[in-house]
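Novice: everything below, folded, please.
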Amino acid sequence: MTEPRTTPVRVVIVDDHAMFRSGVRGELTTVGAGSVEVLAEAADVDEALAAIIAHQPDVVLLDVHLPGGGGVEVMRRLLASPRSVPAVVPRFLALSVSDAAEDVIGTIRGGARGYVTKTITGPELVSAIQRVAEGDAVFSPRLAGFVLDAFAGSIDVSAVDEDLDRLTEREREVMRLIARGYAYKEVAKELFISIKTVETHMSSVLRKLQLSSRHELSRWASDRRLL
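Specialist: Okay, the predicted model is just below:
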């Protein structure tokens, strides 16, 4: 039987939105007082690597989409160079707005121990961090099904990845929201970009995927369980 933990779980928060990082830090400090300690924050891949090496946390709360390569790139680069690997490699818990199958499966394959969405409550997040620190795998209920389906062969991940590799991170975000039925104005508000930029990304997505309309895009994304 595992002995109860007597020290706080040491955490680094990695997310490119400062307000979100601040909110998570405040929630963990309040709800997780005495059981979770936030050591540092990072906004991109390079900052994340520096913070992990400097602070050697137990758990890294990791956003999936980041400037400089994304959450998977953080894990890949951390383990790629023996000089950068901390004495104790942290466990990674993805905390993302995305609940798309390819993000969940790709992040778990990249080395994360769990994946939860940003709709999670403060107490649930504290619990997820503690469980990951203890070695458990933690998923939001719906997302666990993606992982099981992938390993069972119900989702052809290789085909999904091949198509999505043509798109940039931002194009994937726009694609997913448009496919879910968001208007351009709503996408612009959600991603903090202009409507003109949304239109530009949408045109690029349709061209790269060889689709001709929003309707075809929605069907394409639905067939691949990306919604």
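
Novice: strands along this structure, start to end?
Specialist: For the chain, applying DSSP state E gives strands covering 9-14, 36-42, 59-62, 91-96, 114-117, 138-139.

Novice: point out the most buried one among the ones you listed.
Specialist: Burial of the strands of the chain is given as mean neighbour count (mean count of other Cβ atoms under 10 Å); strand 59-62 ranks first at a mean of 27. Where C-beta positions appear, they are placed from N, C-alpha and C, glycine not excepted.

Novice: would you mind giving the strands of the chain as a markdown table with mean pLDDT added?
Specialist: Listed next are the strands of the chain as a markdown table, based on pLDDT from 0 to 100:
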| stretch | mean pLDDT |
| --- | --- |
| strand 9-14 | 96 |
| strand 36-42 | 96 |
| strand 59-62 | 96 |
| strand 91-96 | 94 |
| strand 114-117 | 92 |
| strand 138-139 | 90 |
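
Novice: which one of those lies nearest to Ser194?
Specialist: Ser194 lies closest to strand 91-96 among the strands of the chain, at 23.6 Å (Cβ to Cβ).

Novice: packing partners of that closest one?
Specialist: If you count contacts as 3 or more Cβ pairs under 8 Å, 6 or more residues apart in numbering; DSSP states H and E, strand 91-96 packs onto strand 59-62, helix 71-80, helix 101-110, strand 114-117, helix 122-133.

Novice: so what strands line up beside that strand?
Specialist: Strand 91-96 has the following sheet partners, assigned by DSSP bridges: strand 59-62 (parallel), strand 114-117 (parallel).

Novice: how about a markdown table for those, with distance to Ile178 added?
Specialist: A markdown table is the format used below for the strands paired with strand 91-96 (distance: least, Cβ to Cβ, whole Å):
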| stretch | distance to Ile178 |
| --- | --- |
| strand 59-62 | 26 |
| strand 114-117 | 20 |
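
Novice: and Thr168, how many residues sit next to it?
Specialist: 12 (other Cβ atoms under 10 Å).

Novice: and the pLDDT for it?
Specialist: You'll see Thr168 listed with a pLDDT of 80.

Novice: contacts only, for the residue nearest the centre of the chain.
Specialist: Nearest to the geometric centre of the chain sits Val64, at 2.5 Å (Cα atoms, centre = their mean). Val64 makes contact with 70-72, 94, 96, 98, 103, 107, according to Cβ atoms under 8 Å, 6 or more residues apart in numbering.

Novice: against Arg172, how distant is it?
Specialist: As judged by Cβ to Cβ, to the nearest Å, Val64 and Arg172 stand 10 Å apart.

Novice: in CSV: the strands of the chain, plus distance to Leu49.
Specialist: Converted to CSV, those look like this (distance: least, Cβ to Cβ, whole Å):
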stretch, distance to Leu49
strand 9-14, 10
strand 36-42, 8
strand 59-62, 10
strand 91-96, 13
strand 114-117, 20
strand 138-139, 23
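
Novice: give the buried residues for stretch 45-52.
Specialist: 45-49, 51-52 (16 or more other Cβ atoms under 10 Å).

Novice: ok, and the helix or strand in this structure with the lowest average confidence?
Specialist: When each helix and strand of the chain is scored by mean pLDDT, DSSP states H and E, helix 157-164 comes last, with a mean of 60.

Novice: nice, that's everything, thank you.
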